[in-house]
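[1] Sequence first, then the predicted structure:
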Amino acid sequence: MTVWITKVDPVEPQAGPLHGLTVALKDNIDLAGVPTTAGDPRNDQPALKNAFVVDRLLEAGAVPLGKTNLDQYATGLVGTRSPYGACHSVFSDQHVSGGSSSGSAVAVATGQVDFALGTDTAGSGRVPAAFNGIVGIKPSRGLVSARGVMPACRSLDCVTVMARSLSVARRAFEVMVAFDAEDPYSRRLPAGGLRGGTAVIGVPDRPLGLDPLHEIAWQEALSQASKLGDVVAVDVGPLLEAADLLYSGPWLAERWLAFGDKLDDVPEVDPTVRSIVRKGAALTASDAFAGFDRLAALARASEPLWSQVDALLLPVTSGHPTLAEVEADPIGVNSRLGRFTNMVNLLDLCAVAFPGPPRTDGLPFGVQLLAPAGHDNAVIDLAATWCGEPVTTSERPSTDVLIAVAGAHLSGQPLNHELVRRGATLASAEARTASDYRMFLVPGSLPRPGLTRSLEPATGKGIAVEIWSLPAASFAGFAATIAPPLAIGPVELSDGQQVLGFLCTADAADPSYDITHHGGWRAFLNRT
């Protein structure tokens, strides 16, 4: 099989955190002086400069050894759609390697490099990791710059890193993370770690329809999930439905925009890639907005899940197909492989894939942990715990802000999304303020309460609140959504802890709207 498309002579490494580590680059990532083919031999002009992320790695001491094979134009999860030849799993020459970052995964799994870069739009950094028994970190969108990467679906593309251990993958990941003002999709995001206390791990509340040998391994993985923390069953229906959207509507049209002009009826173009992406040319603007609207509805439906858990555990794929099965049904098999990966970038999540319990036939079985954008270190830490590797985020200071939520921002209430979409997680569902706080119904089109602290001796039990942990980098944007007569200020909890909370100005504390006796917003809403 063809793993490498182009090899280069090693350079003398610079001093840095990656000094001397060798790296392979998926051949849709620019390396100066080498063509970026994206699996199409007609793309034969050498890149004029390195991709942004390649410069970051070189400056940190990494040594690139060349460019690797891939599903053409990064369209596929199988590793077979390449004029350079198909890749297969290092565990079996009858089974696919996974794609589209096929060559990168195989180069790592066979020990030819210490780590490799891939890309992940639909799962292309996680599926090949799973099929070759290695780890794959898919960062939050925009956390790692994609400037200098040939786009597949520009608004969703992520540069991913694969290695044989999480410690090596994480070293590379931490170098790769940087804001790039010249990449319009680059974002300033935290890569937040776990908050204190026991982690809560979500698992699907339903059978997933896995192939029989995958199902056996998955059941074993579920039995091991408790080593990460408390395990709760959650509704994954909206996520699975969102996965079906990726190859329809605006995102297929975006692929056509990126490279549709290259899909001529010539031998160099993979016919499956051509047949899939050409459909994007017929999509209309109304099709696109219908897709955006449906995704928004599914994202909203998935929000309660992230108020319940720190991370979601899923299999990476539903099975491990053979090369013959892919040849017989190239689109159908590929579609099934993306069932648990396609939605991650659509729903703005981060993910890490790593080996789970092996299948009874000896093939690897990959699992993944998902979390909202900005929680990259949290899922990496949890994966490290699973794999028996060092967890390092405990050495980093916490950058989260604790906020006492008393009204419309409570989980399940109309404004909770303002917290969730900024990466906030529920730290406590059953807290109370100190006993001398009062709660008032404040004016406005949306019913909501505000808190004040009484000057009179304490007589109550305090007000029921939830405590949410919000990344500090997101606090300013959240605070800007709070309009008078509410304001963010210090609130003392019943245990003496000081946090921030929703206070109301004195002019809004009308005694006729004092609802303190209800003891909390939910009790007020449920009054008879």
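    In hand now; what should we look at? Numbering: from 1, shown residues only.
[2] what sits opposite the spatially most central residue of the chain in the beta ladder?
    Nearest to the mean C-alpha position of the chain, counting by Cα atoms, centre = their mean, stands residue 350 at 1.5 Å. Legend: beta-bridge partners of residue 350 under DSSP bridges are residue 371.
[3] give me every residue that touches the closest residue to residue 256 other than its chain neighbours.
    Spatially, and ignoring its direct neighbours in sequence, residue 256 is nearest to residue 280 (3.1 Å; Cβ to Cβ, 6 or more residues apart in numbering). C-betas here are computed from N, CA, C, even on glycine. Contacts for residue 280 (Cβ atoms under 8 Å, 6 or more residues apart in numbering) come out as 252-257, 260.
[4] that's a strand at residue 384, yeah?
    No. Applying DSSP: H, G, I helix; E, B strand; the rest coil, one finds residue 384 to be helix, outside a strand.
[5] Residue 391 is in contact with that one, correct?
    Yes. In this structure, residue 384 is within contact of residue 391 by Cβ atoms under 8 Å, at 4.9 Å.
[6] Show me which of the two is the more surrounded one.
    Of the pair residue 384 and residue 391, residue 384 is the one with more neighbours under other Cβ atoms under 10 Å, namely 23 against 16.
[7] What ranges does the stretch 251-400 of the chain have for its helices?
    Taking DSSP state H, counting those that start in this stretch to define them, one finds helices in the stretch 251-400 of the chain at 271-277, 285-308, 323-328, 330-337, 343-346, 376-387.
[8] Which one, of those helices, ends up nearest to residue 174?
    The closest of the helices of the stretch 251-400 of the chain to residue 174 is helix 376-387. By Cβ to Cβ, the value is 9.1 Å.
[9] same for the closest one, what does it pack against?
    strand 135-138, helix 166-176, strand 311-315, strand 349-355, strand 366-372 (3 or more Cβ pairs under 8 Å, 6 or more residues apart in numbering; DSSP states H and E).
[10] if you set the cut-off to 7 Å instead, what comes out?
    helix 166-176, strand 311-315, strand 349-355, strand 366-372 (3 or more Cβ pairs under 7 Å, 6 or more residues apart in numbering; DSSP states H and E).
[11] So what touches that helix?
    137, 139-140, 143, 166, 170, 191-194, 199, 227-228, 310-311, 350-352, 354, 369, 371, 390-391, 393 (Cβ atoms under 7 Å, 6 or more residues apart in numbering).
[12] Which of the helices and strands in the protein ranks last by mean pLDDT?
    helix 521-525 (a mean of 79; mean pLDDT, DSSP states H and E).
[13] which parts of that helix are buried?
    521, 524 (16 or more other Cβ atoms under 10 Å).
[14] what does stretch 17-35 give?
    Judged by neighbour count using 16+ other Cβ under 10 Å, the buried positions of stretch 17-35 are 18, 21-31, 34-35.
[15] Touching stretch 321-339 from outside, list them.
    Residues contacting stretch 321-339 (Cβ under 7 Å, 6+ apart): 76-78, 80, 86, 88, 94-96, 122-123, 127, 240, 243, 246, 272, 276, 317-318.
[16] what about burial for those, which qualify?
    Applying 16+ other Cβ under 10 Å to the contacts of stretch 321-339 flags 76-78, 80, 86, 88, 95-96, 122-123, 127, 240, 243, 246, 272, 276, 317-318 as buried.
[17] returning to what we had before: I'd like the helices and strands packed on helix 376-387 as TSV, with distance to residue 70 appended.
    TSV is the format used below for these (distance: least, Cβ to Cβ, whole Å):
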stretch	distance to residue 70
helix 166-176	19
strand 311-315	23
strand 349-355	17
strand 366-372	19
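[18] export stretch 481-493 as CSV, just CAs?
    C-alpha atoms of stretch 481-493 as CSV (Å, rounded to 0.1, in the frame of the first residue of the first chain):
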residue,chain,number,x,y,z
THR,A,481,-25.7,40.0,27.4
ILE,A,482,-27.0,41.0,30.9
ALA,A,483,-29.2,44.1,30.6
PRO,A,484,-30.4,46.4,33.4
PRO,A,485,-32.0,46.2,35.8
LEU,A,486,-29.9,43.1,36.2
ALA,A,487,-26.1,43.1,36.8
ILE,A,488,-23.4,40.7,37.6
GLY,A,489,-22.0,41.0,41.1
PRO,A,490,-20.7,39.0,44.1
VAL,A,491,-23.1,36.6,45.7
GLU,A,492,-22.4,34.6,48.9
LEU,A,493,-23.5,31.0,49.1
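[19] Starting from residue 54, give me the distance back to residue 168.
    As for residue 168, its distance to residue 54 is 17 Å (criterion: Cβ to Cβ, to the nearest Å).
[20] Straight-line length of stretch 328-348, end to end?
    33 Å (Cα to Cα, to the nearest Å).
[21] rewinding a little: my guess is the residue nearest to the centre of the chain contacts residue 371. True?
    Yes. The pair residue 350 and residue 371 passes the contact test of Cβ atoms under 7 Å, sitting 5.8 Å apart.
[22] Okay, and the beta partners of residue 466?
    Under the criterion used (DSSP bridges), residue 466 bridges to residue 405.
[23] what residues are up against it?
    With Cβ under 7 Å, 6+ apart, residue 466 has these contacts: 405, 410-411, 426, 428-429, 431.
[24] Buried only: go through those for me.
    The buried subset of the contacts of residue 466 - by 16+ other Cβ under 10 Å - is 405, 410-411, 426, 428, 431.
[25] For residue 158, state which of those residues is nearest.
    residue 426 (26.3 Å).
[26] which one is the closest one nearest to, not counting chain neighbours?
    That would be residue 307: by Cβ to Cβ, 6+ apart, it lies 4.6 Å from residue 426.
[27] pLDDT at that neighbour, what is it?
    We have a pLDDT of 90 for residue 307.
[28] That one and residue 424 touch, don't they?
    No. Under the criterion of Cβ under 7 Å, residue 307 is not in contact with residue 424, lying 8.6 Å apart.
[29] And those two? Which one has more around it.
    Neighbours per residue, other Cβ under 10 Å: of residue 307 and residue 424, the larger number sits with residue 424, 27 against 18.
[30] That one and residue 473 touch, don't they?
    No. With contact defined as Cβ under 7 Å, residue 424 does not reach residue 473; the gap is 11.7 Å.
[31] Can you name the residues bridging to the closest residue to residue 101 other than its chain neighbours?
    Of all residues not flanking residue 101 in the chain, residue 118 sits nearest, at 2.7 Å (Cβ to Cβ, 6+ apart). In this entry, residue 118 is beta-bridged to residue 160, by DSSP bridges.
[32] so how far is the least confident helix or strand of the chain from its chain's centroid?
    The chain centroid and the centroid of helix 521-525 are separated by 34 Å under Cα atoms, centre = their mean, to the nearest Å.
[33] for residue 83, what are its contacts?
    39, 41, 268, 270.
[34] Greatest separation within the residues you listed: which pair is it?
    41 and 270 (11.7 Å).
[35] More neighbours: which of these two?
    residue 270 (22 against 12).
[36] isn't that one right up against residue 72?
    Yes. Using Cβ under 7 Å, residue 270 is in contact with residue 72, at 4.6 Å.
[37] Quick check: neighbours shared by those two?
    Shared contacts of residue 270 and residue 72, counting by Cβ under 7 Å, 6+ apart, come down to residue 81.
[38] For my notes, confirm residue 451 occurs in a strand.
    Yes. Under three-state DSSP, residue 451 falls within a strand.
[39] if we can go back for a sec, which ones among the buried ones among the contacts of stretch 321-339 map onto helices?
    Within those, residues falling in helices by DSSP state H are 127, 240, 243, 272, 276.
[40] and the nearest residue to the first one once chain neighbours are set aside, how many residues sit next to it?
    Spatial nearest neighbour of residue 127, chain neighbours left out: residue 98 (3.9 Å); criterion: Cβ to Cβ, 6+ apart. Applying the criterion other Cβ under 10 Å, we find 35 residues in the vicinity of residue 98.
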